[in-house]
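Coordinates for the following, if possible.
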Amino acid sequence: MRGMKAMMCLFFCCAACCANAWGSESDRGWSIEPLVGVQWYNYGGQQSLGCRFRAMANGGIRVERAIVQPLSLSAGIEFNTFGARLKRLDNGYVRQEHLSLPITLNFRAYQGLKFYMGFAPTIALHSSMKSEGVHRNADDVVKRADLLVPLGIRYEFDNGITLDARYQAGCFSMLKRHVTMGDYELNLDGAELHNMSVGLCLGYRFAIK
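Coordinates of the predicted model:
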């Protein structure tokens with residue numbers, strides 16, 4: 001969490017500098033932007049239990065409204081995957097398909113270039129895990145709801161195509177309790193694992209005047 005606080009401070013310092021350097025070009029009106037991309041997800045925390053990154057496609061749609069130069073506000077709906085590859089469980093995995101509702105404040109640093117940060121309530125639609133070649137339901141191991149903090153950068157090309165790079169971190173531990181899976185026993189008492197991911201997305205921004 002210290003790293004998250006440091007990133008937040010850096011983000012707002014950069015935003016303040018961008019606001020002072022902003023010119024006279026306006027970015028008014030509404031826009032809508034469908035997104036599709038790839039996301040590398042993992043667990044972070046004090047006890048990672050041999051977690052490794054996994055990759056999965058993600059996508060969504062967001063709406064953006066200019067507030068005042070150089071600020072805008074975005075809200076959307078996204079489909080994300082969280083979890084991890086578990087090396088200690090015979091290269092098994094935990095995977096949750098999440099529906100997220102991100103709300104972000106965007107700072108336009110230069111023409112086409114924006115930095116953003118916000119929050120995203122998210123809930124798992126399905127939870128699964130694999131261990132020793134056997135697929136299981138993971139609802140008794142991991143929680144369904146979380147609050148994400150997305151931090152990212154977005155660039156819009158002249159033709160309306162956007163490239164988005166982001167980092168997301170969960171605010172709450174996703175573990176529920178001690179669990180036994182067949183002959184393998186996981187002692188999860190006192191462990192804290194938080195959702196985290198890095199991702200790249202392509203989108204197309206439709207301006208609505």
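
Going by residue numbers, what spans are strands in the protein?
Under the criterion DSSP state E, the chain contains strands at 30-44, 51-52, 54-68, 71-86, 92-100, 103-110, 113-131, 134-137, 145-156, 161-173, 179-181, 184-186, 194-204, 206-208.

Serialize these to CSV and add fields for mean pLDDT and mean neighbour count.
(Each C-beta comes from the backbone N, C-alpha and C, glycine too.) Compiled in CSV, those are given as follows (pLDDT from 0 to 100; neighbours: other CB atoms under 10 Å):
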stretch, mean pLDDT, mean neighbour count
strand 30-44, 92, 18
strand 51-52, 80, 18
strand 54-68, 92, 16
strand 71-86, 91, 20
strand 92-100, 89, 20
strand 103-110, 94, 19
strand 113-131, 92, 18
strand 134-137, 80, 12
strand 145-156, 95, 19
strand 161-173, 94, 17
strand 179-181, 57, 14
strand 184-186, 58, 13
strand 194-204, 94, 20
strand 206-208, 89, 12
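
Please name the nearest non-neighbouring residue to Thr81.
Met56 (4.0 Å; CB to CB, 6 or more residues apart in numbering).

Ignore what I typed, I meant Arg62.
Gly76 (2.9 Å).

Quick check: bridge partners of the spatially most central residue of the chain?
The structure's the chain has its C-alpha centroid closest to Gln168; by CA atoms, centre = their mean the separation is 3.5 Å. Note on Gln168: beta-bridge partners by DSSP bridges are Pro150, Ser197.

Hmm, Leu147 and it touching each other?
No - between Gln168 and Leu147 no contact is recorded; they are 10.7 Å apart, counting by CB atoms under 8 Å.

which residues do these two both contact?
The overlap between the contact sets of Gln168 and Leu147 (CB atoms under 8 Å, 6 or more residues apart in numbering) consists of Ala120.
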